[in-house]
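# Dropping the sequence and predicted coords here.
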Amino acid sequence: MECRGVQQQTKFRYYDAVAFKRANPPKAAAHTEFLRTGRIERAVSWSPSEKRYLSYQEVAERTGRRLEQAGNVTHERINGFHRSIQFPKLVFHRTLAETPHLGYCHITVANSRFAEFENVQWAFYMANFLAEIGDEEQFFAGISRKPGRMYFAIAIAPTEEEGRLKIDRTVRGNGVIFRTDDPKLAMKNVLMLGTRNEALRKVIRTL
């Protein structure tokens, strides 16, 4: 399943800020570096005044690695809470086409009893941006310019095309089970969805 993001009008250009900084050290840095390493680094592959601009594919690859690393850590924390609450690890990412520094990561999928629904299949995600979500035509809307993360779970259902899933909008009208920028609250919500043990639910509520 893919969630389509908002189309951006601004054409972004990306450059390797770390490499640029290394190629442009402060004036005193050469002396300091020599004292620390015994040599002065002279091998610079481009002019110190240049910025090496990155392709959208390169940016998307870097974004993906960071998203999946964060997704793996999040999954480990959830599964580390209690041995009776274990979720499958299904970590993969997507980046937004016009803004590849933004993306989201699928972490796990499960089935739970939810409100009046006896059996709801849902997927849990995290994104490296803040936005309103769940609209029929544009799943991510009003993406914030401010840095941030959000965590969300959506109800899903199979489609007529084998192996494909869609948002189940019979749940809450837009399929969104929860959305938060608070990682602690996100973990509590996932854990609550993962157990029917009332004693454990009481413990989770106190987290």
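Perfect, I can see it now. Note that the structure is predicted; figures quoted are calculated from it, not measured.
# where's stretch 94-112 relative to the chain centroid, distance-wise?
6 Å (CA atoms, centre = their mean, to the nearest Å).
# Mind listing what's buried along that stretch?
Buried residues in stretch 94-112, counted by 16 or more other CB atoms under 10 Å: 94-96, 99-110, 112. Quick note: C-beta positions are derived from backbone N, CA and C, even for glycine.
# quick one: which of the residues you listed is nearest residue 181?
Nearest to residue 181 among the buried residues of stretch 94-112: residue 104, at 13.4 Å, using CB to CB.
# ok, longest helix in the protein?
Ranked by residue count and defined by DSSP state H, the top helix of the chain is helix 56-79.
# ok, back up a step: just to be sure, which of the buried residues of stretch 94-112 are found in helices?
In helices, judged by DSSP H, none of these are found.
# Next secondary structure element downstream of the lengthiest strand in the chain?
Criterion DSSP state E: the longest strand present in the chain is strand 99-114. Going down the chain from strand 99-114, the next helix or strand is strand 117-127, by DSSP states H and E.
# gap between that following strand and the chain center?
Relative to the centre of its chain, strand 117-127 is centred 16 Å away, using CA atoms, centre = their mean.
# Next, the residues that contact it from outside, please.
1, 67, 70-71, 74, 87, 102-114, 140, 149-157, 165, 168, 171, 177, 186, 190, 193 (CB atoms under 8 Å, 6 or more residues apart in numbering).
# In that strand, which residues are buried?
Under the neighbour-count criterion of 16+ other CB under 10 Å, strand 117-127 has 120, 121, 122, 123, 124, 125, 126, 127 buried.
# same question, stretch 162-170
165, 167, 168.
# Would you quantify the distance from the second one to residue 93?
Yep, that's residue 167 we're talking about. 18 Å (CB to CB, to the nearest Å).
# for the longest helix of the chain, packing partners?
Secondary-structure packing of helix 56-79 (3 or more CB pairs under 8 Å, 6 or more residues apart in numbering; DSSP states H and E): strand 14-15, strand 92-96, strand 99-114, strand 117-127, helix 183-193.
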